[in-house]
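J.: the following comprises the amino acid sequence and a computationally predicted model.
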Amino acid sequence: MSRTAVELTNGHHSDAEDRTGDARGGQEQFSLLCDERGYLSLVELVLRSGARKGDRTGTGVISVFGTQARYSLRDQFPLLTTKRVFWKGVLEELLWFIKGSTNARELSEKGVRIWDANGSREFLDKSGFSDREEGDLGPVYGFQWRHFGAEYKDMHTDYSGQGVDQLQKVIDTIRSNPEDRRIIMCAWNPKDLPLMALPPCHALCQFYVSDGELSCQLYQRSGDIGLGVPFNIASYALLTYMIAHITGLQPGDFVHTLGDAHIYTNHIEPLKEQIQREPRPFPKLRIKRKVERIDDFQNDDEQQNDSCFPHLRAPRTMQRVFTVELPEHQNGVCRI
């Protein structure tokens, strides 16, 4: 199995600022911004126009329904610079999805504990999964990506050859019929929802090939803007880079469509502080060696980060899908 290095380095100022104009021009503009200002404009939109609602955690949110932002992947990687994004977590979780794993312990053993709460004995018992081993999340993202339609038994079962390998089908279609308008991977399986420790938030992604570039659009039914969304942006951008690499294409755009775009009330003040920060150019990501198969990407866990902003404290909401630290610019080198 090959070990492929992905190098993440500082970006440089581009002509994106000249093309996109002011990031603070309101809802009608933010979808046209292809750098970090798209995210910051989304934050401003929800802070300004969000409706106050309750939520399952009991914290309370302000929420907007139906938003979209676009991030160029051309010679840049959308890892936010106005806050820290848990880059190691992005890498390890994506590789865990690709593996088709549903075992939260595999991530926890690598120091990535973003699924620990949902795989805990207490949480599983409260959710009606008392017969399930601790760490067994049920047929969540990776299972749906690699074995859609297979009967889920437990996290130890070998599901090789069972169900639909949506991820491989996406890759095969990109290679054989790049003009296809059905290059879709879906994690939302109504039959399996009752078996999942947590239903998918990022539910469906579609890939698009044009002029030698691969783009991805993600539909996310629910987006925690303060913590989860920056993580999701980086995760699907990285997946697009990886698939582009093995199919001989260049990364194009990542389009992020949100259903319920919300900010938890205890994140409002940290986000108000964050949007006052001047974003830096996105870092660059480069895959340093050739990989032929999506399963051959491996993380060797080497990472260097240089902080560019002081740490922001944002309260963690219990039972969240993602726990992402605030905020730090992820410079340096990361290798897969």
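T.: Structure received.

J.: so how far is the first residue of stretch 50-57 from its last?
T.: Taking Cα to Cα, to the nearest Å as the measure, stretch 50-57 stretches 18 Å from start to finish.

J.: I should have written stretch 185-204 there, sorry.
T.: Terminal residues of stretch 185-204 are spaced 6 Å apart (Cα to Cα).

J.: just the buried positions in it, please.
T.: Of the residues in stretch 185-204, those buried under the neighbour-count criterion (16 or more other Cβ atoms under 10 Å) are 185-187, 189, 192, 195-204. Glycine gets a C-beta too; all of them are placed from N, C-alpha and C.

J.: how would you label the nearest residue to N189 once chain neighbours are set aside: helix, strand or coil?
T.: Computed as Cβ to Cβ, 6 or more residues apart in numbering, the closest residue to N189 that is not its neighbour in sequence is Q144, at 5.5 Å. For Q144, the secondary structure call by DSSP: H, G, I helix; E, B strand; the rest coil comes out as helix.

J.: looking at the chain, which strand is longest?
T.: In terms of residue count, the longest strand belonging to the chain (DSSP state E) is strand 250-264.

J.: from the contact counts, what lies against that one?
T.: Under the contact definition 3 or more Cβ pairs under 8 Å, 6 or more residues apart in numbering; DSSP states H and E, strand 250-264 sits against helix 36-49, strand 61-72, strand 213-224, helix 228-247.

J.: follow-up on the earlier one: so how far is R280 from the residue nearest to N189?
T.: Per Cβ to Cβ, to the nearest Å, Q144 is found 36 Å from R280.

J.: between the two, which one's more packed in?
T.: Summary of the neighbour comparison: Q144 and R280, criterion other Cβ atoms under 10 Å, with Q144 having more neighbours (28 against 19).

J.: so that one touches P190, yeah?
T.: No. Counting by Cβ atoms under 8 Å, Q144 sits too far from P190 to count as a contact (11.3 Å).

J.: how near is the nearest residue to A203 once chain neighbours are set aside to Q166?
T.: Counting by Cβ to Cβ, 6+ apart, the nearest residue to A203 once its immediate chain neighbours are dropped is W188, at 4.2 Å. Computed with Cβ to Cβ, the distance linking W188 and Q166 is 12 Å.

J.: between the two, what contacts are shared?
T.: Taking Cβ atoms under 8 Å, 6 or more residues apart in numbering as the contact definition, W188 and Q166 share the neighbouring residues Q144.

J.: what residue lies at the spatial centre of this protein?
T.: N232 (2.0 Å; Cα atoms, centre = their mean).

J.: kind regards, and thank you for your time.
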